[in-house]
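>>> Generate a structure from the sequence data that follows.
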Amino acid sequence: MSLAEKIIEKVKSLPDDKQSEILDFIDSLSKKVKEEEKKEWNKFSLESAMRGLETEESLYTLEDIKEKY
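Presented below is the predicted three-dimensional model:
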């Protein structure tokens, strides 16, 4: 019996209100996993975009980026 089948069997044995709680928990876990995947993708994307910039000759100095009034 697979893990998913074992979980299904145990959930079936619970009252409806507890099954509803389990469904809410699963939804919460799914949301958390998607957020973690998005963070990892954003980090990868930024690292890919910035790759090689550390070796480029700088076009601007710190003085150039300071805000002037």
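>>> neighbours around residue 48, how many?
Residue 48: 9 surrounding residues under other C-beta atoms under 10 Å. Quick note: C-beta positions are derived from backbone N, CA and C, even for glycine.
>>> check which helix or strand covers it.
Per DSSP states H and E: residue 48 is located in helix 16-50.
>>> Quick check, residue 11 in contact with residue 25.
No: using C-beta atoms under 8 Å, residue 11 makes no contact with residue 25, being 10.8 Å away.
>>> Looking at those two, which one has more neighbours?
residue 11 (13 against 10).
>>> Residue 31 versus that one, what's the distance?
19 Å (C-beta to C-beta, to the nearest Å).
>>> again with residue 6
Residue 6 is 24 Å from residue 31, where distance means C-beta to C-beta.
>>> Then residue 40?
15 Å.
>>> With residue 66 instead?
Residue 66 sits 41 Å away from residue 31 when distances are taken as C-beta to C-beta.
>>> pLDDT at residue 15, what is it?
With respect to pLDDT, residue 15 scores 96.
>>> what's the answer for residue 59, then?
Taking residue 59 on its own, its pLDDT is 74.
>>> now swap in residue 39 and tell me
pLDDT, residue 39: 93.
>>> Could you list every helix and strand in contact with the helix holding residue 48?
Here helix 16-50 touches no other helix or strand, going by 3 or more C-beta pairs under 8 Å, 6 or more residues apart in numbering; DSSP states H and E.
>>> ok now it, how far from the chain's centre?
5 Å (C-alpha atoms, centre = their mean, to the nearest Å).
>>> Following that helix in sequence, what is the next regular element?
Taking DSSP H and E, what comes next after helix 16-50 is helix 62-65.
>>> neighbour count winner among residue 66 and residue 31?
residue 31 (10 against 7).
>>> Poorly predicted segments of the protein, please.
The model of the chain has no residue with pLDDT under 70.
>>> Now do residue 22: how many residues are near it, please.
Residue 22 has 13 neighbours, counted by other C-beta under 10 Å.
>>> Apologies, that question was intended for residue 32.
Neighbour count for residue 32, taken as other C-beta under 10 Å: 10.
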